[in-house]
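dropping a prediction and its sequence here:
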Amino acid sequence: MKATVYVTIKENVLDPQGNAVLGSLHTMGFDEVGKVRIGKYLELELSTTDRAQAEERIKAMCEKLLANTVIEDYRFELEG
Amino acid sequence: MKFAVIVFPGSNCDIDMLKAVEDTVGQPVDYVWHTATDLSAYDAILVPGGFSYGDYLRCGAIAQFAPVMNEIRKAAAEGKFVLGVCNGFQILTEAGLLPGALIRNKSLKFRCHPVDLRVENTKTAFTNAYEHGDVIRIPIAHGEGNFYCDDETLARLRANEQIVFRYTGDNPNGSVDDIAGICNEEGNVVGMMPHPERAVSELLGSEDGAGMFRSVLNAWRERNGAASVR
């Protein structure tokens, strides 16, 4: 089974990298861009077929290590 | 009094930290590897700066699960003195020993220069040698020192007097409320982005950081003296 994890900076937390990219896009003439937020994308291969268990374990991985829930949100998808 | 300087793969301020202890208070101090499972011999635990585990994922994210961290948690709970500097501060927040998180500097730049700090709390184990409101000059060297916490946590930090240092004048990283260093509710665990171990001699540009090492020796003597009074 494959898990895809998205870690994003919480809405109320400043994202200086996103702001720099936004500024750059504007300089390049992409004026339609209103906001940029940069996050992380993780692919995990799991040696299990038990979906419920996988969900529970991925959630634990996110809470413990993959995201810092003080500043980040996470969501994930399971495939296979 | 015995000091431990914790060494992770990627720590790079460990030698400065050990020398600072020797030069300021002359007490016994050891390097302790991140795999250590017993810190019972030590009265103060110093978590130095650097790039533990390459700062992969997030600064301090992987270090928080090193075997020695359980011992640091135990020591903190027992009231032993714990100081995290720079990456050490990031590790202590990731480990949940201090609230908040350190995010990318607002400027996106690695800032490496002396800053002026106002001492906001002189009741901690590491700041009792200063006067409230003292302005001390200590260098910073970080790319991710922008302290963030939510409003509720900030209110709690203020109410409990857990803000130990604030930047005066220019805030080099965009931290909430100009915070440069905080402590836990008990005041035995302190974390800060500036490097006091790099400010222990006029030859280094400032000796304003030496007071932190003298403070913790004071705190230990006070506790020890009190314990021996029958």
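Now that the structure is in, tell me what you want to look at.

low pLDDT regions in the chain?
Picked chain A for this. Along chain A, the model assigns pLDDT under 70 to no residue.

oops, chain B please
B:226-230.

just want the residue of it that's nearest chain A.
Residue of chain B nearest chain A, by CB to the nearest CB: B:A101 (4.3 Å). Yep, even glycine has a C-beta here, placed from its N, CA and C like the rest.

for that residue, what are its contacts?
A:68, A:70-71, B:93-94, B:147-149 (CB atoms under 8 Å, 6 or more residues apart in numbering or on different chains).

closest to A:T4 among these?
Of all the contacts of B:A101, A:N68 has the smallest distance to A:T4: 19.2 Å, by CB to CB.

quick check: the gap between that closest one and B:T93.
Noted for A:N68: a distance of 8 Å to B:T93, by CB to CB, to the nearest Å.

same question, B:M69
Taking CB to CB, one finds B:M69 at 12 Å from B:T93.

out of the two, which sits in the more crowded spot?
More crowded of B:M69 and B:T93, by other CB atoms under 10 Å in any protein chain shown: B:T93, with 25 against 20.

name the element that one belongs to?
Assigned by DSSP states H and E, B:T93 belongs to helix B:87-94.

which residues sit against that helix?
Outside helix B:87-94, the residues that touch it by CB under 8 Å, 6+ apart are A:68, A:70, B:6, B:8, B:11, B:13, B:46-52, B:55, B:58-61, B:63-64, B:69, B:82, B:84, B:98-102, B:144, B:181, B:189, B:191-193.

if we go to 7 Å?
A:68, B:47-52, B:58-61, B:63-64, B:84, B:98, B:100-102, B:144, B:189, B:191-193 (CB atoms under 7 Å, 6 or more residues apart in numbering or on different chains).

which of these count as buried?
A:68, B:47-52, B:58-61, B:63-64, B:84, B:98, B:100-102, B:144, B:189, B:191-193 (16 or more other CB atoms under 10 Å in any protein chain shown).

before we move on, back to that, okay, the contacts of B:A101 in a markdown table with secondary structure and distance to B:E207 next?
As requested, these are arranged in a markdown table below (DSSP: H, G, I helix; E, B strand; the rest coil; distance: CB to CB, whole Å):
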| residue | secondary structure | distance to B:E207 |
| --- | --- | --- |
| A:N68 | coil | 35 |
| A:V70 | coil | 35 |
| A:I71 | coil | 35 |
| B:T93 | helix | 28 |
| B:E94 | helix | 31 |
| B:F147 | strand | 25 |
| B:Y148 | strand | 31 |
| B:C149 | coil | 31 |
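
ok, and the most crowded of those residues?
Result: B:F147 is most packed of those (other CB under 10 Å), 28 neighbours.

surely that one is in contact with B:I103?
No - in this structure, B:F147 is not within contact of B:I103 by CB atoms under 7 Å, at 8.1 Å.

all helices for the chain, in order.
I'll assume chain A. A:16-27, A:51-61 (DSSP state H).

my question was about chain B, not that one.
B:14-24, B:67-77, B:87-94, B:151-159, B:210-228.

could you give the number of residues near B:V85?
B:V85: 30 neighbours (other CB under 10 Å).

which residues touch the residue found closest to it once you drop the neighbours it is linked to in the chain?
Excluding its sequence neighbours, the residue lying closest to B:V85 (CB to CB, 6 or more residues apart in numbering or on different chains) is B:G49, at 5.2 Å. By CB under 7 Å, 6+ apart, the residues touching B:G49 are B:12-13, B:85-88, B:195.

let's see 8 Å
Residues near B:G49 by CB under 8 Å, 6+ apart: B:11-13, B:85-88, B:141-142, B:195.

separation between the residue in chain A sticking out farthest from the centre and chain B?
The C-alpha centroid of chain A is most remote from A:G29, which lies 27.1 Å away (CA atoms, centre = their mean). With distances taken as CB to the nearest CB, to the nearest Å, A:G29 is found 22 Å from chain B.

before we move on, what about A:T4?
For A:T4, the distance to chain B - CB to the nearest CB - is 16 Å.

show me what that residue is bridged to.
A:E43, A:E77 (DSSP bridges).

I figured it was touching A:K40, is that so?
No - counting by CB atoms under 8 Å, A:T4 does not reach A:K40; the two are 11.3 Å apart.

quick one: which of the contacts of helix B:87-94 sit in strands?
Applying DSSP state E to those, the entries found in strands are B:47, B:84, B:101-102, B:189, B:191-192.

quick one: residues contacting B:R214.
B:24-25, B:129.

contact residues of chain B facing chain A?
Contact residues (CB under 8 Å from any CB of the partner chain) of chain B with chain A: B:57-58, B:61-62, B:65, B:93-94, B:99-101, B:103-108, B:146, B:148-150, B:174.
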